[in-house]
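Participant: Sequence first, predicted model second:
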Amino acid sequence: MRQQLNAWAHEYYVQDSPSVPDAEYDRAFRELQALEAEHPELVTPDSPTQRVIGAVMDGLAPVRHAVPMLSIHTETDTEASGAQAFDARVRRELGLQESDPPVEYVAEPKFDGLAMSLRYEHGKLVQAATRGDGEVGEDVTHNIRTIRQIPLMLPAGVPPLLEVRGEVYMPRADFDALNERQRAQGGKTFVNPRNAAAGAVRQLDSGIAAQRPLRFFAYGLGAITSEAEGGPAFATHFELLQALKSWSFPVAEQVQTALGATELVAFHQQVGASRDALPYDIDGVVYKVNSLQLQRQLGFKTREPRWAVAHKYPAQEMATRIEAIDVQVGRTGKITPVARLAPVFVGGVTVTNATLHNLFEIRKKGVRVGDQVIVRRAGDVIPEIVGVVPGPRAGYVANFHMPKACPVCGSAVVREKGEANHRCTGGLFCPAQRKEALLHFAARRAMDIEGLGDKLVDQLVDQGVIRTLPDLYRMGLTALIALDRMAEKSAQNVLAALEKSKRTTLPRFLFALGIRQVGEATAKDLARHFGSLDAIMDATVDQLLQVNDVGPVVAEAIHTFFAQPHNREVVEQLRACGVTWEEGAPAERAMLPLAGKTVVLTGTLPTLSRDAAKDMLEAAGAKVAGSVSKKTHYVVAGEEAGSKLAKAQELGVPVLDEAGMLALLAAPTPTEPQP
């Protein structure tokens, strides 16, 4: 066990490349502690329980700490009893009775970074050293000087000798951005922010550290000018932290004092609740007796101070085995590989599944069935595979391949050019996409079916009332009234909205179908170019490419959608249910009043909403743009028109009010406004 723990510690502290999660190391460490407690005659000075593990990296000069950087005891009971047990120990060792006042503590986050000691002489940073084995660390001054949060010079009035202890870390957002850059450049990616920070700090080349977004939090002191020699006389640890802040060092904003076990428990719960929202990783909180006099009275036990403890949260990373890889079909048709795991307790729950995101992630991480992997779960985030635990496989295991057909509906699975994700092409036909398809179809800018929201769609689909889009127009009052919280009046309103939606426009109908890559603007361009739905459905990819702003990816998506027989069947059934719109051949559309004209709307019109005015203009053949340019033909301005009106006047673009716009729309042929 000692050999294994030493090997794991070497990977973590020296190589910055752990092969097991922290929780696995903690479990083995506790087991060794228990064995040595049962057999004290077997305890040796080199046991991991007797000293802090670490070593000096080749190429970095050793630094002997004037005051050892020892670790603190870890309380792994993640419930309230962890804080209560620590408070009980402190009170017992101080000889306090139940009637005595509560002990005051300082509570602070436990950062998941790299411990650092900064030595200042006469206010100047002269040395920065890692913890190493607690007695001897590594000189990393050249890298620490690149961290902008760490002052190189301190303000006047600081002690002549000052060693500041703290943690170097990397914010999560910066870590994610770093890994993205590494992938783009074909470089090594990092398992977590702690590895990335440690790897940067312990580089021989400070240029590498300068490129990494490292940060620092101060939480204590090492050597300092004594009171006899004119050094500060701190009474409490909290007072010491406030001094650090006044000397320009960053201190975590969550740090606070706490009276007794009750307030320690509250702090543990409060920080735990916000843990996932923090911009950096923590794996617990730290409690310290606030009074420095009481700290001296309590003293140390072997390798740990009696006056402090680290109270951990449930592990967010654990090791387990992949038993199978399946796929799930999302609401938008995305096909996601999912690892089926041997059950493992991580992040406070038992996890049996974890997302693998997409095929590229699987290849990048080298994941195969049977592998030992590290699973991460933070809060309510879906568990994911962080990486594979190094080690030989028992035999040959084939790579995972994405299915060619959707496991739900049997439609073809495709990956669009330039995308990482595979998708089901079933669209309107695929049951996995049914709810999303219905909600999109009913949206205001699509078919505009008022009252058909998330909760109603959930009930309609879950109870089997609706299986395809045409079923919306086939259901009756009885089926709606039978749903939860659906009174007769509400049901009648929904049916009325459905009936009203049958009279629509071709662009709205195209957009409502939810064709991938086809938004409102593209739907309007398609309708304007082809004039009829049948022409769009029968168009080749080359013909689709002739449409304004339609490129190869969009053209292929449209062609693929209408090549699916079940999608065509849905369209025909919707027509049979009475869904209609006006169609016109391109030649006919060219005769519309505003064919080929670009119009910009600005301000508030007297009687028309922005959407209503936009629909009227587009029905007359106009293209409604969002900004004014030399190519703009008209600007329709209402009250509180701003910069767009000013731009139109500057460029000499004709400006209309609502009445002028309506008059323009009534004209039989394109015309210019009269001055």
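Facilitator: Perfect, thanks for sending it.
Participant: so how far is His39 from Glu658?
Facilitator: Look at Glu658 and His39: by C-beta to C-beta, to the nearest Å, they are 92 Å apart. Yep, even glycine has a C-beta here, placed from its N, CA and C like the rest.
Participant: Looking at these two, which is more packed in?
Facilitator: Glu658 (17 against 9; other C-beta atoms under 10 Å).
Participant: how about the closest residue to that one other than its chain neighbours, what does it touch?
Facilitator: In this structure, Glu658 finds its nearest non-sequential neighbour in Leu605, 4.5 Å apart by C-beta to C-beta, 6 or more residues apart in numbering. Going by C-beta atoms under 8 Å, 6 or more residues apart in numbering, Leu605 touches 613, 636, 638, 658.
Participant: Farthest-apart pair in those residues, please.
Facilitator: Distance extremes for the contacts of Leu605: the farthest pair is Ala613 and Gly638 at 8.9 Å, using C-beta to C-beta.
Participant: Identify the contacts common to these two.
Facilitator: In contact with both Ala613 and Gly638: 605, 658, using C-beta under 8 Å, 6+ apart.
Participant: Now do the contacts for Leu594.
Facilitator: Leu594 neighbours (C-beta under 8 Å, 6+ apart): 617, 620-622, 664-665, 670.
Participant: now the strands for the stretch 551-675 of the chain?
Facilitator: Assigned by DSSP state E, counting those that start in this stretch, the strands in the stretch 551-675 of the chain fall at 598-602, 623-625, 634-637, 655-656.
Participant: Which secondary structure elements does the third one sit against?
Facilitator: Using 3 or more C-beta pairs under 8 Å, 6 or more residues apart in numbering; DSSP states H and E as the contact criterion, the neighbours of strand 634-637 among helices and strands are strand 598-602, helix 643-651, strand 655-656, helix 658-666.
Participant: so the second one versus strand 598-602, what angle?
Facilitator: It stands for helix 643-651. 130 degrees (axes from the mean of the first three to the mean of the last three C-alpha atoms, to 10 degrees).
Participant: Report the distance from helix 643-651 to the chain centre.
Facilitator: Chain-centre distance of helix 643-651: 41 Å, with C-alpha atoms, centre = their mean, to the nearest Å.
Participant: Now do the helices for the stretch 201-350 of the chain: every range, in order, please.
Facilitator: In the stretch 201-350 of the chain, the helices defined using DSSP state H, counting those that start in this stretch lie at 206-211, 237-246, 260-274, 292-298.
Participant: Scan the contacts of Leu594 and report the most crowded one.
Facilitator: Result: Ala622 is most packed of the contacts of Leu594 (other C-beta under 10 Å), 25 neighbours.
Participant: returning to that earlier point: mean pLDDT, mean neighbour count and distance to Ser609 for the helices of the stretch 201-350 of the chain - can I get that in JSON lines?
Facilitator: Below are these laid out as JSON lines (pLDDT from 0 to 100; neighbours: other C-beta atoms under 10 Å; distance: least, C-beta to C-beta, whole Å):
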{"stretch": "helix 206-211", "mean pLDDT": "75", "mean neighbour count": "16", "distance to Ser609": "52"}
{"stretch": "helix 237-246", "mean pLDDT": "95", "mean neighbour count": "17", "distance to Ser609": "54"}
{"stretch": "helix 260-274", "mean pLDDT": "93", "mean neighbour count": "18", "distance to Ser609": "42"}
{"stretch": "helix 292-298", "mean pLDDT": "95", "mean neighbour count": "15", "distance to Ser609": "68"}
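Participant: Nearest to Gln543, out of those?
Facilitator: The nearest among the helices of the stretch 201-350 of the chain, by C-beta to C-beta, is helix 206-211 at 49.7 Å.
Participant: With just CA atoms, put the closest one into CSV.
Facilitator: C-alpha atoms of helix 206-211 as CSV (Å, rounded to 0.1, in the frame of the first residue of the first chain):
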residue,chain,number,x,y,z
SER,A,206,8.8,30.8,-18.2
GLY,A,207,7.4,31.6,-21.6
ILE,A,208,5.1,28.6,-21.3
ALA,A,209,3.8,29.8,-17.9
ALA,A,210,3.3,33.3,-19.3
GLN,A,211,0.9,31.9,-21.9
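Participant: got a list of contacts for it?
Facilitator: Contacts for helix 206-211 (C-beta under 8 Å, 6+ apart): 142-147, 200-201, 203.
Participant: Can you report phi and psi for the closest residue to Leu152 other than its chain neighbours?
Facilitator: Distances taken as C-beta to C-beta, 6+ apart place Leu125 nearest to Leu152, at 5.0 Å, with adjacent residues excluded. Dihedral angles of Leu125 (phi, psi; degrees, to the nearest 10) stand at phi -70, psi 120.
Participant: now do Arg165
Facilitator: According to degrees, to the nearest 10, Arg165 has phi -100, psi 140.
Participant: can you pull the contacts of it?
Facilitator: Applying C-beta under 8 Å, 6+ apart, the residues near Arg165 are 69, 115-118, 218-222.
Participant: at 7 Å what do you get?
Facilitator: 69, 117, 219-222 (C-beta atoms under 7 Å, 6 or more residues apart in numbering).
Participant: Nearest spatial neighbour of Val103, chain-adjacent residues omitted?
Facilitator: Val90 (5.6 Å).
Participant: if I look at Val351, how far off is Ala646?
Facilitator: Val351 is 58 Å from Ala646, by C-beta to C-beta.
Participant: Which residue of the two possesses the greater neighbour count?
Facilitator: Taking neighbours as other C-beta under 10 Å, Val351 and Ala646 compare with Val351 leading, 21 against 12.
Participant: Residues in contact with stretch 359-373: which ones?
Facilitator: For stretch 359-373, with C-beta under 7 Å, 6+ apart as the criterion, the contacting residues are 319-322, 324-325, 337, 356, 385, 387-389, 391, 393-394, 397, 399-400, 402, 420, 422.
Participant: Are any of those buried, and if so which?
Facilitator: For the contacts of stretch 359-373, a neighbour count by 16 or more other C-beta atoms under 10 Å gives the buried set as 319-320, 322, 325, 337, 356, 385, 387-389, 400, 422.
Participant: which residues touch Ala497?
Facilitator: Counted by C-beta under 7 Å, 6+ apart, Ala497 has contacts 449-451.
Participant: Let's verify Arg423: helix, strand, or coil?
Facilitator: When classified by DSSP: H, G, I helix; E, B strand; the rest coil, Arg423 comes out as strand.
Participant: So it is in contact with Ile335, correct?
Facilitator: Yes. Assessed by C-beta atoms under 7 Å, Arg423 is found in contact with Ile335 at 6.3 Å.
Participant: intersection of neighbour lists for these two?
Facilitator: Val413.
Participant: Need the nearest residue in space to Val351, chain neighbours excluded.
Facilitator: Using C-beta to C-beta, 6+ apart, the closest residue to Val351 is Pro383 (4.7 Å).
Participant: For Ala354, see how far away the one you found is.
Facilitator: Shown here: Pro383 relative to Ala354, a distance of 4 Å by C-beta to C-beta.
Participant: what do you get for Gly476?
Facilitator: 44 Å.
Participant: For the two, indicate the residue with more neighbours.
Facilitator: Just comparing Gly476 and Ala354: by other C-beta under 10 Å the higher neighbour count belongs to Ala354, 23 against 9.
Participant: That one bridge partners, please.
Facilitator: Ala339 (DSSP bridges).
Participant: what's it in contact with, if anything?
Facilitator: Per C-beta under 7 Å, 6+ apart, neighbours of Ala354: 339, 341, 375, 383-385.
Participant: how does it look with 10 Å?
Facilitator: Neighbouring residues of Ala354 by C-beta atoms under 10 Å, 6 or more residues apart in numbering: 320, 322, 337-341, 344, 346, 373, 375-377, 382-386.
Participant: Show me what secondary structure element comes after the lengthiest helix in the chain.
Facilitator: Scanning the chain for the helix with the most residues, using DSSP state H, yields helix 22-38. The first helix or strand that comes after helix 22-38 along the chain, using DSSP states H and E, is strand 62-64.
Participant: where's the next helix or strand after that following strand relative to the chain centroid, distance-wise?
Facilitator: Of the helices and strands lying after strand 62-64 in sequence (DSSP H and E), the nearest is strand 73-75. How far strand 73-75 lies from its chain's middle: 30 Å, per C-alpha atoms, centre = their mean.
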